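Peer 1: here are the coordinates; sequence isn't available:
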């Protein structure tokens with residue numbers, strides 16, 4: 001008998017869509033108490049991250065956001081930005097992480113071209129978002145991220161990201177489980193992320209990543225860099241940039257720890273590396289030049305080997 005002539009259909013016993021969502025599900029199931037995200041005094045475990053992401057996905061579903069619809073995020077490297085890489089695709093939607101260094105006109109263009117159904121804004125970039133929304137004929141509703149450790153910026157919405165978490169947790173229609181296969185896409189070619197170029201020679205151009213591509217690239221990161229289990233990764237690379245080169249999803253694959261930084265200053269980077277025993281970070285050459293130009297006092301804070309990926 002030739003098994004390739006049986007014309008068997010795929011089913012749950014022989015097929016699962018490749019998606020980074022399964023990586024987070026595994027990390028939360030096997031390592032629920034391992035730290036997933038560190039930001040200042042905040043510490044969030046993989047079990048807690050999973051519950052928060054399921055809750056946000058439920059809240060987005062309640063708002064009518066579903067498969068193929070875009071949710072835009074304008075944020076620094078915060079825990080909420082990390083969670084958005086899972087929570088938004090868990091409801092079937094597409095994450096559009098926007099470069100917060102763009103001007104208001106470019107941000108407005110991206111929101112309109114990407115047909116954003118919701119915009120989540122870190123308060124540091126509230127003024128930028130407010131200007132962009134004023135340029136739009138039909139701006140999307142806004143949710144703010146209120147980072148208590150940051151004193152500047154502007155809150156431009158009534159509801160916060162934490163409101164989404166609470167609304168989802170209170171949802172009677174969603175059961176938070178450790179084996180939530182219902183959050184995997186039906187088709188691994190469904191879009192997981194939409195990213196835009198900077199538009200230096202015209203309007204920004206959009207590029208779509210699907211669940212399968214994100215999964216494979218995330219695994220490739222871990223394998224080619226020999227990251228091993230539970231690396232401690234410092235976020236100097238912006239998560240808006242090609243979804244942080246897919247490292248949010250990589251850190252779920254190996255149940256690592258994401259150390260978030262709002263700003264990649266030399267003092268903040270060296271202090272974070274020393275305090276958290278960072279093992280890996282990514283950065284463009286300009287970031288590495290900044291670190292090389294730092295004082296010897298800062299450099300001497302780091303007494304262990306750190307692996308760096310640049311491009």
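Peer 2: Yep, it's here. For clarity, every value in this text was computed on a predicted model and none was experimentally measured.
Peer 1: strands of the stretch 101-250 of the chain, start to end?
Peer 2: Using DSSP state E, counting those that start in this stretch, the strands of the stretch 101-250 of the chain run over residues 116-122, 142-145, 191-196, 206-210, 232-235.
Peer 1: want to throw these into JSON lines with mean pLDDT?
Peer 2: Formatted as JSON lines, the strands of the stretch 101-250 of the chain follow (pLDDT from 0 to 100):
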{"stretch": "strand 116-122", "mean pLDDT": "98"}
{"stretch": "strand 142-145", "mean pLDDT": "98"}
{"stretch": "strand 191-196", "mean pLDDT": "98"}
{"stretch": "strand 206-210", "mean pLDDT": "96"}
{"stretch": "strand 232-235", "mean pLDDT": "98"}
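Peer 1: quick one: residue 241 and residue 99 touch, right?
Peer 2: Yes - look at residue 241 against residue 99 with CB atoms under 8 Å: they come within range, at 7.3 Å. Where you see a C-beta, it was placed from the backbone N, CA and C, and this is true even at glycine.
Peer 1: of the two, who's got more company?
Peer 2: Set residue 241 next to residue 99 and count neighbours by other CB atoms under 10 Å: residue 99 wins out with 18 against 13.
Peer 1: and that one, helix, strand or coil?
Peer 2: Using DSSP: H, G, I helix; E, B strand; the rest coil, the structure places residue 99 in coil.
Peer 1: nearest spatial neighbour of it, skipping sequence neighbours?
Peer 2: Sequence neighbours aside, residue 240 is the residue nearest to residue 99 in space, at 5.1 Å (criterion: CB to CB, 6 or more residues apart in numbering).
Peer 1: mind checking which of the strands of the stretch 101-250 of the chain is nearest residue 82?
Peer 2: When those are compared by CB to CB, strand 232-235 sits nearest residue 82, at 8.0 Å.
Peer 1: in the chain, where is pLDDT below threshold?
Peer 2: For the chain, the stretches flagged by pLDDT under 70 are 1-7, 171-181.
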